[in-house]
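S.K.: Sequence first, predicted coordinates after that:
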Amino acid sequence: MAKSNTAIIAGGILLAAGGTWYWIKSQEDKTPVGLVISNQVEGNMSLGTNSTGKPLTANSVEGTWREDEDSLSVASESAEKPLLVIYEDGTPIHAEVITMSEWFEPSPDTVPAECYDDDGNIYLPENSPQECMDKMIEIQNALMERWRKLAKEHGATEESYQAAFPMQETTVAEAEGIFGPMLSLQSHFVW
């Protein structure tokens with residue numbers, strides 16, 4: 001009887017060890033190393049150049065990113081929450097999940113009521129009240145500052161990211177100067 005109990009215990013231990021090993025292996029990240037794109041959300045945008053003159057660009061995609069075998073993978077959730085991929089001279093170097101409305105266009109809750117006409121559409125720049133113009137400059141500057149910070153984090157020179165993301169002064173009244181940079185950030189955003 002003692003021999004059969006020992007065999008049962010040994011078999012149970014082997015079964016538990018095998019099950020644990022299988023579970024650990026099944027939990028490993030099998031995402032391929034590099035960038036896998038399933039859908040292009042927004043096209044390339046220049047972030048400037050680094051100190052060696054290599055161009056830095058960014059675009060948003062649906063897909064996965066894994067820097068190397070030892071890193072965890074990152075995956076987009078949807079077209080509204082894609083990966084923002086940073087490239088150095090065309091080679092992906094970083095990716096993170098973003099929310100499009102925080103990076104490319106003002107969300108409806110940040111656009112003040114005075115920026116909407118009687119039909120619920122945002123005023124065209126030439127028809128906007130001054131309060132709307134001031135708020136849109138503020139929104140644009142916040143977007144530009146976010147992009148500047150990203151460019152700086154990834155090695156863009158100050159001169160190159162300042163040229164790529166100019167800040168507007170709140171006293172500027174010319175509509176094209178105010179709204180032009182925002183429209184270049186989000187080609188499908190309609191004023």
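M.R.: Happy to help now that I have it. Numbers count the residues shown, from 1 in each chain.

S.K.: Scan this structure for its longest strand.
M.R.: strand 34-49 (DSSP state E).

S.K.: which strands and helices sit next to it?
M.R.: strand 55-66, strand 83-88, strand 91-97, helix 130-153, helix 158-164 (3 or more CB pairs under 8 Å, 6 or more residues apart in numbering; DSSP states H and E). Glycine gets a C-beta too; all of them are placed from N, C-alpha and C.

S.K.: now the angle from the first one to strand 34-49?
M.R.: To tie it back to what came earlier, the one meant is strand 55-66. Here strand 55-66 points in a direction 160 degrees away from that of strand 34-49 (axes from the mean of the first three to the mean of the last three CA atoms, to 10 degrees).

S.K.: Quick check: can you name the pairing partners of strand 55-66 and their directions?
M.R.: strand 34-49 (antiparallel), strand 74-75 (antiparallel), strand 83-88 (antiparallel) (DSSP bridges).

S.K.: What of the third one?
M.R.: Paired neighbours of strand 91-97 in the sheet (DSSP bridges): strand 83-88 (antiparallel).

S.K.: For the partner strand, give the mean pLDDT please.
M.R.: Mean per-residue pLDDT for strand 83-88: 95.

S.K.: Return the most buried member of the strands paired with strand 55-66.
M.R.: Stretch with highest mean neighbour count among the strands paired with strand 55-66: strand 83-88 (a mean of 22; mean count of other CB atoms under 10 Å).

S.K.: How is this protein partitioned into domains?
M.R.: 1-30, 34-185 (automatic domain parsing).

S.K.: what comes up buried for stretch 133-142?
M.R.: Across stretch 133-142, burial judged by 16 or more other CB atoms under 10 Å covers M133, D134, K135, M136, I137, I139, Q140, N141.

S.K.: Kindly reformat these as TSV and extend each row with pLDDT and distance to A16.
M.R.: Output for the buried residues of stretch 133-142, formatted as TSV (pLDDT from 0 to 100; distance: CB to CB, whole Å):
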residue	pLDDT	distance to A16
M133	79	69
D134	82	67
K135	80	63
M136	79	63
I137	83	65
I139	82	58
Q140	84	60
N141	87	60
